Each structure stands twice: as structure tokens, then as C-alpha cells.
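**Q** quick one: sequence and predicted model below, then my questions.
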Amino acid sequence: MSKKSVNAKSLQQQQMVEAKVAEVLKQANALSAEREKFEQEELARTNKALYAILTKVYALFKQAFDDKCLKDAVKKMQEELAKRGVKVQKNTPALTVFVRYVFNSDRKRAYNYTSTLMAAIQAEVQPGNLAAFIEGKNGVEECKKEFRKSEKQKVKEQALEAATQEVSEHLEIIDAKHTVTLANESVDLSDDVQYAFIVARVMGNGEYGLLRVVPRSTKGMFSTAVKELAKQLIERKEAAITDAKKQTVNEQTKKTAETMTAKAAAAMTVKELEAA
């Protein structure tokens, strides 16, 4: 194939992408006009009308994705939003760009609508079932809360999983603090568990009275114990990070105090002065 033919084919592909992008923008503009009508003429702003527009935004987003022109469509929308004085950050989700383009809304409102659509996407809800999904969740606000909760829960679960793995590996290599003998006590290590559990009485001052060996160890018991150790590990790490941040702030405050002027001191809080 000649260089001329290759260039012609490349140009043709580019023109196809541009045509698809133009179609996406055309439909987005139509939706934006529909949104304006919804806001200006429908004083009640019924949920039904809102859900209908959100459904079309969702469907349009999927269309751009399926047509492999999402990247170009988002770029074009960014350019158009910039003309309206709306700045889109680099970390803004692509779906949010579609929402802001159609609704021409502030970040908070765009976030609420995007969160609603994200919740539907996570639940593998298709555009045609979006309205029923939102109604089933008791509205946009509840969908947003569920999405935020699921994201936070996901982060917590990942942290717990990592800490659990860390604790399990640590138990295999650490040396025993003490070795004790409990007469007439034995344990059945079921399910290939390698650890026994001992009932101890809290004596205070860091002392524990060892009473009995639990006669049977199972994977479930071990999993529960390790999970509690993992939670403690997470708490200690978070406390260490908080302490480190406080230490950094204190050091910075003290350093500032050494060179600060009377004018700067006048603006400091009592707490800042105490730390200086």
C-alpha cells in the first residue's frame, strides 16, 4: 500500500471519528436545550422529567463509548465548557463532563447527578432501567449517598484485606513472647489451623491470667482473631500518621516562631503560640 493510500485511509478514519463526535455533540446540545426547557418551563421540576434526561445522558455516554469516540467527545465538550467559563479539572470523571455539559450546572449538582449514574453503573443497570432504579432507591439524593458509601466501604475493605494479609504473614515469623505449660490441656487443630486460643483473665497493668486452652481451633476462629488484629494494626497506623502530621505542624510552627515578626505573631492563634 502506498504512502498516499495510507494517508487517505488515516484521513478517512479521522473524518469518521469527527463525524461521530459531531453527532454526540449534536445530541448533547439537544439534551442541554431540553434541560433548559425543563428548568425554565416546568416549575415543579418533576422527578420524572429529571430521570428522563439523566437516562438520555447515560445512554449518550454509552453510545460515545461504544462508538470509540469517548475521548474525542470529552475533549470537545471540555472546549465548549471552557467557552462557557466552566473549567474542567484533569481528575474530573468523563461521565461528569457529560453531566456538566448537558446540565450546565455547578460542581455540587453535577457530582450528585454523576454519583447517581455511577451508582447505576456499579449495579449494572442499563439506561432503559435507570428511572426505575432511581425511584427504587428513593431518589437522586439516596443514590448519591449509596454511591459514596460504597466507595468508602470499598476503600475500608481493601485496607482491611491488606492489613489481614500483613498480620497473617507477621504471625508466621515472630518469636513467642513467653512459653507456658497448662497441665491437662490439649487442643484439636481442625481445618489445618496452626494456632491455638487461650482464655485469659485481664489482671490489669498489662498482666493476664491464663486460664484454659480452647479445646478446638477452626479457620473461622482464626479468621475472626486475625481480622481483629488487622483492625488494631490499621488504627495504630492511622494514629502514627496523625502524630507525624502533628509533629510536622509543630516543627513548622516553631521554625516560623524563630523568624516571625510582630505582625505575624499578632495573627497567630493562642494554640499556635502555645506550640511555638
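**A** It's in. Please read these numbers as outputs of a predicted model, since none were measured by experiment.
**Q** tell me the domain ranges of the protein?
**A** Under automatic domain parsing, the residue ranges defining each domain of the chain are 3-151, 177-217, 229-276.
**Q** any idea how far the first one is from the chain center?
**A** Distance of domain 3-151 from the chain centroid (CA atoms, centre = their mean, to the nearest Å) equals 20 Å.
**Q** same list (the domains of the chain) but as TSV, adding distance to A159 and mean neighbour count.
**A** Yep, even glycine has a C-beta here, placed from its N, CA and C like the rest. As requested, those are exported to TSV (distance: least, CB to CB, whole Å; neighbours: other CB atoms under 10 Å):
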stretch	distance to A159	mean neighbour count
domain 3-151	13	16
domain 177-217	23	11
domain 229-276	6	12
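**Q** could you dump those domains to JSON lines with distance to Q165?
**A** Shown next, in JSON lines, are the domains of the chain (distance: least, CB to CB, whole Å):
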{"stretch": "domain 3-151", "distance to Q165": "22"}
{"stretch": "domain 177-217", "distance to Q165": "16"}
{"stretch": "domain 229-276", "distance to Q165": "8"}
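**Q** quick one: which of these is nearest V167?
**A** domain 229-276 (4.6 Å; CB to CB).
**Q** average pLDDT across that closest one?
**A** What domain 229-276 shows for mean pLDDT is 71.
**Q** skipping its backbone neighbours, what lies nearest D72 in space?
**A** For D72, ignoring the flanking residues on the chain, the nearest one in space by CB to CB, 6 or more residues apart in numbering is V21 at 4.7 Å.
**Q** host element of that neighbour?
**A** helix 3-41 (DSSP states H and E).
**Q** packing partners for that helix?
**A** Identification of packing neighbours for helix 3-41 by 3 or more CB pairs under 8 Å, 6 or more residues apart in numbering; DSSP states H and E yields helix 47-66, helix 70-83, helix 94-103.
**Q** circling back: contacting residues for the residue nearest to D72?
**A** Contacts for V21 were tallied using CB atoms under 8 Å, 6 or more residues apart in numbering; they are 69, 72-73, 76.
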